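Asks: Following is a predicted model, sequence given first.
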Amino acid sequence: MANQSTSKVDKFITKNNLWSKKIIIRSVHPYINDYVKVKVSANEIFEVSASIFQEGREPICSTVIFENESGYGFTKNLELLNSGRARYGCFVSLDLVGKWSFYIKAEYTNAYKVVNENVNAVYSDTYFIYVNAQLSSEWYQLFPRSIGAHKNKIGHWQSGTFSDVEKLLPRIKNMGFSVLYLGPINPIGVTQRKGKNNSLAAFENDPGSPWAIGYNGKGHYDINADLGSLQDFKSLIRSARNLNIEISIDLALQCSPDHPWLKTHPEWFNIRQDGTIAYAENPPKKYQDIYPLSFKNAPDSLCSEIINIIKYWHKQGINFFRVDNPHTKPLWAWEYILKKINQWNPNILFLAEAFTKYPIMKAHAEVGFHLSHCYFPWKNTKEELSNYIAQITGKDGFSLKPTFWPTTPDIMTSYLAKGGLPAHKIRAILAAMGSLSWGIYGGYEFVETDINKLGTELENNEKYEYKARDWQNADKHGLQTLFQKLNSIRHLDYFRALHSVVVLSTKSKDILVFARFIKGEFTNSKKAKCLITAVNLNYKKANSFQFKISKKGFDDFKNVKLQETSDLLTDEKLIYSPKTKFVLDPKKQVALIFEIEAV
């Protein structure tokens, strides 16, 4: 029996090549599972690490080997990060877009290599990382019809056009935004058209919701003639790209009652028992002017049509799509569609407008969405924000990439409505400094706070009417200048370090302080640095605070006793020390942003 048992063990060890594995490699990072892609932004700095240990006490060394699909590669040594956990790692940055592979090699150091035994080197499995060009991005949203909109001699609204938007591009560039999101630009239906504030009664000059797509035989492949022609739109795209701004449009899988698909493809809709088509609902809101598409009856033809729509607009010059309410459509459909598009062109980016439960947001990221809206607008307390920042910059952040927006046309919070200008500054700073990607809905700079009775969105909502604004005086509250400064700060190297964000301890319940850390090998001075963001979350009351800088793996900051620096928002000099008492008064200044260099 003993010989038989030994024989089985011997076969198991031989089969799994365990005789040679006196060095063990476990828990490689970044890795989620075999199904979920690890995604990073081009030039993002992230940690590669593993638990590596040996049977004996002989010293070992380890390296990570990277290679992309073109055959370019590099090797980097791993350092001991945590002796108690036998954790080895290094920080890496990948500048070339596409699919990368990496594996870890571990071996005994030369002085201890064992002669005549095959134990010199052990290799981990191969892992993959997908590098995208513009995950780190700054979005600005507007309604083209409102830009340049005016009333004519008889008091009827005249729509703004793509040409009007083109004239506004230098202002958007000056604020530092890299993506201009326009929403749907397609023909708008007239049947069941909604009037002001989603009312059932629309007057003759009411423009309707741009999400009610389709009219007079035209639909998702066509442009609303009020905005201009296809050539006007392509001119806007060219002008924006000359300023390094990408244009994004909506991918909205829904139709007005006037869309041609209702006649040509009735199988793409939900038909009630009484023969009517089900309209869209988001309780308590009802959208009688919108019929959502359904994948139940003819998934093959519908998926094919959606893929064709994406390809058509990409050929016109669109690389960025904001997808309306993707969580109301089957996950398998998105997985199929996004996989096909990625195979066709991996440089097309999709932002999920999924204000929904966290597991659903994660699932969207896992099937191919690059960025996602999230519950940031309703995270107001120090505890909520601290937990959320930790969550999205941890392991989940290698797949799910939330974008922080203080408001959207669908969202206005009571915090902003009650807090006025100080609250608007606070939320903009948190959004820009707290996330890989952020966005502003145009009009935010005017501090529009007239919230509706439900407390959910702005009254006299731009989704249903023209909104003429005085863009010449858009900086009257200083928010345009604030956006410019925030986006300028976002171009510093700290924003390459998405996963090195730490919330620092303060005694005040209203003061949130977080830091972005970057290793010395990525700085000009070759010293580790961090970017401190301190925000007073209370828009009414001044608060004082002190804090110490600390993060595992960045021990050099423990020696920072006194350092002169500058507030990047005001350019004023300030002194940092662990004993310095800072004060933030919302009537004067809601936040501080400054750099500290390790000693």
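Replies: Cool, the structure landed.
Asks: just so I have it, where are all the helices in the stretch 351-500 of the chain?
Replies: Applying DSSP state H, counting those that start in this stretch to the stretch 351-500 of the chain gives helices spanning 358-367, 382-393, 414-434, 479-489.
Asks: Now tabulate these in TSV and tack on mean pLDDT and mean neighbour count.
Replies: C-beta: built from backbone N, CA, C; applies to glycine. Formatted as TSV, those follow (pLDDT from 0 to 100; neighbours: other Cβ atoms under 10 Å):
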stretch	mean pLDDT	mean neighbour count
helix 358-367	94	19
helix 382-393	94	18
helix 414-434	98	21
helix 479-489	98	19
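Asks: Now do the contacts for the residue nearest to residue 577 when sequence neighbours are not counted.
Replies: Once flanking residues are discounted, residue 577 sits nearest to residue 562: 4.6 Å by Cβ to Cβ, 6 or more residues apart in numbering. For residue 562, the contact set (Cβ atoms under 8 Å, 6 or more residues apart in numbering) comprises 575, 576, 577.
Asks: Repeat that for residue 314.
Replies: 345, 348.
Asks: And residue 109, by the same measure?
Replies: 58, 59, 60, 61.
Asks: mind listing which of those are in strands?
Replies: 60, 61 (DSSP state E).
Asks: Who wins on neighbours among the contacts of residue 109?
Replies: Using other Cβ atoms under 10 Å as the neighbour test, those are led by residue 60, with 19 neighbours.
Asks: Which residues does that residue form beta bridges with?
Replies: Beta-bridge pairing for residue 60 (DSSP bridges): residue 108.
Asks: all numbers from here: first residue = 9
Replies: Renumbered: residue one is now 9, and that last one reads residue 68.
Asks: So it versus residue 132, what's the distance?
Replies: 14 Å (Cβ to Cβ, to the nearest Å).
Asks: again, but for residue 198
Replies: Counting by Cβ to Cβ - residue 198 and residue 132 are separated by 61 Å.
Asks: And the residue nearest the centre of the chain?
Replies: residue 411 (3.3 Å; Cα atoms, centre = their mean).
Asks: quick one: contacts for it?
Replies: 145, 147, 359, 379, 380, 381, 382, 443, 444, 445, 446, 447.
Asks: which intervals of the stretch 309-458 of the chain have sub-threshold pLDDT?
Replies: For the stretch 309-458 of the chain, no stretch has pLDDT under 70.
Asks: Tell me where the stretch 109-258 of the chain has helices.
Replies: 170-182, 238-250.
Asks: Make CSV out of the ones you listed and add mean pLDDT.
Replies: Output for the helices of the stretch 109-258 of the chain, formatted as CSV (pLDDT from 0 to 100):
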stretch, mean pLDDT
helix 170-182, 98
helix 238-250, 98
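Asks: Can you tell me which of the ones you listed is nearest to residue 424?
Replies: Checking these against residue 424 by Cβ to Cβ gives helix 170-182 as the closest, at 21.8 Å.
Asks: just the angle between that closest one and helix 238-250, please?
Replies: 10 degrees (axes from the mean of the first three to the mean of the last three Cα atoms, to 10 degrees).
Asks: Turn the contacts of residue 570 into a markdown table, including distance to residue 264.
Replies: Formatted as a markdown table, these follow (distance: Cβ to Cβ, whole Å):
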| residue | distance to residue 264 |
| --- | --- |
| 583 | 61 |
| 584 | 57 |
| 585 | 62 |
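Asks: Weed out the non-buried ones from those residues.
Replies: Buried residues within the contacts of residue 570, counting neighbours by 16 or more other Cβ atoms under 10 Å: residue 584.
Asks: wait, which of the contacts of residue 570 is closest to residue 227?
Replies: residue 584 (57.7 Å).
Asks: Contact partners for residue 462?
Replies: With Cβ under 8 Å, 6+ apart, residue 462 has these contacts: residue 292.
Asks: and the gap between it and residue 205?
Replies: 11 Å.
Asks: Same check on residue 73?
Replies: For residue 73 relative to residue 205 (Cβ to Cβ), the value is 59 Å.
Asks: do the same with residue 576
Replies: Distance from residue 576 to residue 205, by Cβ to Cβ: 40 Å.
Asks: higher neighbour count, the two?
Replies: Higher neighbour count among residue 576 and residue 205: residue 576, with 19 against 15, using other Cβ under 10 Å.
Asks: Give me the neighbour count for the spatially closest residue to the more buried one that is not a sequence neighbour.
Replies: Leaving out its chain neighbours, the residue that sits closest to residue 576 by Cβ to Cβ, 6+ apart is residue 601, at 4.5 Å. Residue 601 is flanked by 20 other residues according to other Cβ under 10 Å.
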